[in-house]
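Trainee: what follows is a predicted structure for the sequence shown.
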Amino acid sequence: MNETRHDWTKEEILAIYDKPLMELLYDAATIHRKHHDPNTVQVSTLLSIKTGGCPEDCGYCPQAARYQTNIEGNDLMSVSQVKAQALRAKASGSSRVCMGAAWRNVKDGPEFDQVLEMVRTINKLDMEVCCTLGMLTENQAKRLAEAGLYAYNHNLDTSEDYYKDVISTRAFEDRLQTIDNVRKSNVTVCSGGIIGMGERLGDRAGMLVALASLNPQPESVPINALVAVEGTPMADMEPISIWEMVRMVATTRIVMPETQVRLSAGRTEMSREGQAMCFFAGANSIFAGDKLLTTPNPDVNEDMAMFKQLGLNPQKPFIKVSQPKTVEAGDSQLQPLGEKPKWTRPGHIIERNEAVKDRAKVTE
Ligand code: SAM
Ligand code: DTB
Ligand code: SF4
């Protein structure tokens, strides 16, 4: 039976979030095991290719030009800088590079052409490429797809109700429009949010309603804990507790069984035990590298030591089957390419939109 539902109500989601913890953990872990290998965690490396000076007013963000934060702004990185960083990430066990730019939206022109070249370059390294560049048109999404983009990150961040309290320079509806543009391009969708911004539990549930009602649901959902940065309007927010993070991860797993749930910002404040509980509750991806975009993240050696202790394995990247030289086994299973790009992990053939369904099989 297909467990994926798109009609969750806020009340149903709140009832899950509020379950006795042991029941919540058991339910989430049971669903997790049906759809994913519980010992495999995808590792993604963030790269801030253009830092600071953003015209938007997102209340959580140290990169908004209007807040006096202590970050070092940078122009767009060069393709060779990006390639060097991607190679370093690959050597440390990462299968995906996520390039972030402090832009409100993508503008056609030389800078976008440079980003397209970055996408092509990382793609040739047999790594999954993700971008998060702000709002996109359908045509820009298609151009990114042609360059080999695997995923586009565009977070809903919070519920539709709370959104206007966090950001005034764009609307929740704008976010949904970009996600729709990405979907039409056949790039996979990465969309999640932040907890700890002063939202109510109902807003956390509301955000999950919005994400789960997308059809198809996002292939990955980052759950960030607010990093309260001095100079932003949210500098004095109380940190969330590990129990809130575990409950949010578990609830996300239950309402989006097939998605990759990514433990994102906030891991520096979490113990190894806390993170282990999140993996048990269904988190199966992390951002690795000693920096997120502008704020600290655990050291990659520390993360690899945690993986070893917990018996977790980093997931292999999806690669396009048009690069068969990198397929180690099962070449005879190669199928003719249809109109949509097909992606595989070594030894397996997967049509990209089928990727999540087949992921558990792939990692066996
Ligand atoms: N400018 C693009 C956009 O807003 O979509 C891409 C970059 S933006 C920094 C990407 C995401 O980072 C945001 O949507 C938000 O979820 C997350 N983020 C930014 N600042 C954060 C913070 N202080 N704590 C946690 N997450 C944060
Ligand atoms: C996401 O959900 N979290 C990442 C990534 N997508 C782009 C960004 C976290 C940023 C945390 C604050 C900073 O380092 O600037
Ligand atoms: Fe700009 Fe993105 Fe930060 Fe908002 S979250 S201020 S859009 S970089």
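Mentor: Cool, the structure landed. Since the structure is predicted, the reported quantities are computational estimates derived from the model, not experimental observations. Ligands and ions are numbered 1, 2, ... in the order given.
Trainee: which parts of stretch 163-178 are buried?
Mentor: 163, 166, 167, 170, 172, 174, 175, 176, 177, 178 (16 or more other C-beta atoms under 10 Å). For the C-beta atoms, the positions are set from N, CA and C on the backbone; glycine is no exception.
Trainee: pretty sure the first one is touching residue 157, no?
Mentor: Looking back up the chat, that one is residue 163. Yes - the criterion here is C-beta atoms under 8 Å, and residue 163 meets it with residue 157 at 7.1 Å.
Trainee: returning to what we had before: from the buried residues of stretch 163-178, pick the one nearest residue 86.
Mentor: Proximity of these to residue 86 (C-beta to C-beta) peaks at residue 178, which lies at 24.5 Å.
Trainee: let me see the contact set for the closest one.
Mentor: By C-beta atoms under 8 Å, 6 or more residues apart in numbering, the contact set of residue 178 is 134, 135, 136, 154.
Trainee: need the contact list for the spatially closest residue to the first one that is not a sequence neighbour.
Mentor: Translated: residue 134. Spatial nearest neighbour of residue 134, chain neighbours left out: residue 103 (4.3 Å); criterion: C-beta to C-beta, 6 or more residues apart in numbering. Residue 103 is in contact with 50, 54, 133, 134, counting by C-beta under 8 Å, 6+ apart.
Trainee: with neighbour count, distance to ligand 1 and pLDDT added, can I get the residues you listed in TSV?
Mentor: Formatted as TSV, the contacts of residue 103 follow (neighbours: other C-beta atoms under 10 Å; distance: C-beta to the nearest ligand atom, whole Å; pLDDT from 0 to 100):
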residue	neighbour count	distance to ligand 1	pLDDT
50	21	9	98
54	22	6	97
133	25	6	98
134	20	4	98
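Trainee: for ligand 3, what are the nearby residues on the chain?
Mentor: With C-beta under 6 Å from any ligand atom as the criterion, the chain meets ligand 3 at residues 54, 56, 58, 61, 63, 64, 102, 104, 134.
Trainee: let me have the residues you listed in JSON lines, extended by secondary structure.
Mentor: Listed next are these as JSON lines, based on DSSP: H, G, I helix; E, B strand; the rest coil:
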{"residue": "54", "secondary structure": "strand"}
{"residue": "56", "secondary structure": "coil"}
{"residue": "58", "secondary structure": "coil"}
{"residue": "61", "secondary structure": "coil"}
{"residue": "63", "secondary structure": "coil"}
{"residue": "64", "secondary structure": "strand"}
{"residue": "102", "secondary structure": "coil"}
{"residue": "104", "secondary structure": "coil"}
{"residue": "134", "secondary structure": "coil"}
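Trainee: where does the stretch 251-364 of the chain get nearest to ligand 3, residue-wise?
Mentor: Nearest to ligand 3, among the residues of the stretch 251-364 of the chain, is residue 293, at 7.9 Å (C-beta to the nearest ligand atom).
Trainee: coming back round to it: who wins for most neighbours among the residues of the chain next to ligand 3?
Mentor: Of all those, the most densely surrounded is residue 102 (26 neighbours; neighbours counted as other C-beta atoms under 10 Å).
Trainee: correct me, but it touches residue 55?
Mentor: No - Residue 102 is beyond contact range of residue 55, at 9.1 Å (criterion: C-beta under 8 Å).
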